[in-house]
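> Show me the folded form of this:
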Amino acid sequence: MLMTEMAMHKESGQDHRPDPARMAGREAKFDEVIPWTEDDILRLHGLLLEKSLHDLFDLRVSARTRADILDWMRAPRSESGAFTYRACCRLFGLDDEEIRDRVLERYRRRHTH
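As a prediction, the model looks like this:
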């Protein structure tokens with residue numbers, strides 16, 4: 001089971017939210033290089049997968065966003081990229097086809113009454 005970003009930060013003892021008192025009056029520096037660790041990238045994959053699956057069933061999310069999520073999940077195997085649905089599942093040792101089939105079946109039941 002994937003953890004939410006908040007739970008991951010809580011477990012690691014880190015709080016990555018900016019401190020408004022420290023940031024007041026400061027200008028954001030976009031030319032500053034911020035290093036990404038492997039854990040950061042893994043956490044981002046997990047968050048993308050978890051949020052996408054959650055948003056698919058959240059009726060407050062637009063129909064267009066839900067359609068985008070369905071397209072993301074149904075993308076052909078030949079589609080490659082670091083943040084494909086299959087890549088996100090693979091990083092966590094999840095069977096992308098089994099999850100996709102279960103999620104799509106649940107989605108059909110819920111949205112075809």
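
> can you give me the helices for this structure?
5-12, 20-23, 38-56, 63-74, 85-91, 96-111 (DSSP state H).

> and the longest one with helix 96-111, angle?
Spelled out, it's helix 38-56. For helix 38-56 against helix 96-111, the angle by axes from the mean of the first three to the mean of the last three CA atoms, to 10 degrees is 30 degrees.

> in this protein, which ranges drop under the pLDDT threshold?
Applying pLDDT under 70 to the chain picks out residues 1-26, 28, 113.

> Report the contact partners of the residue most central in space within the chain.
In the chain, the C-alpha nearest the mean C-alpha coordinate belongs to residue 48, at 0.8 Å (CA atoms, centre = their mean). Applying CB atoms under 8 Å, 6 or more residues apart in numbering to residue 48 gives the contacts 83, 88. (Glycine included, C-beta is placed from N, CA and C.)

> Report how many residues lie close to residue 72.
18 (other CB atoms under 10 Å).

> Just give the nearest non-adjacent residue to residue 55, would you?
residue 61 (4.5 Å; CB to CB, 6 or more residues apart in numbering).

> Pull up the gap between that neighbour and residue 51, please.
With distances taken as CB to CB, to the nearest Å, residue 61 is found 10 Å from residue 51.

> before we move on, what about residue 99?
For residue 99, the distance to residue 51 (CB to CB) stands at 15 Å.

> ok, now residue 108?
In terms of CB to CB, residue 108 sits 21 Å off from residue 51.

> if you count what's nearby, which of these two comes out ahead?
residue 51 (16 against 9).

> what sits against the more buried one?
When the contact criterion is CB under 8 Å, 6+ apart, residue 51 has no partners at all.

> what about it, distance to residue 98?
Counting by CB to CB, the gap from residue 51 to residue 98 is 20 Å.
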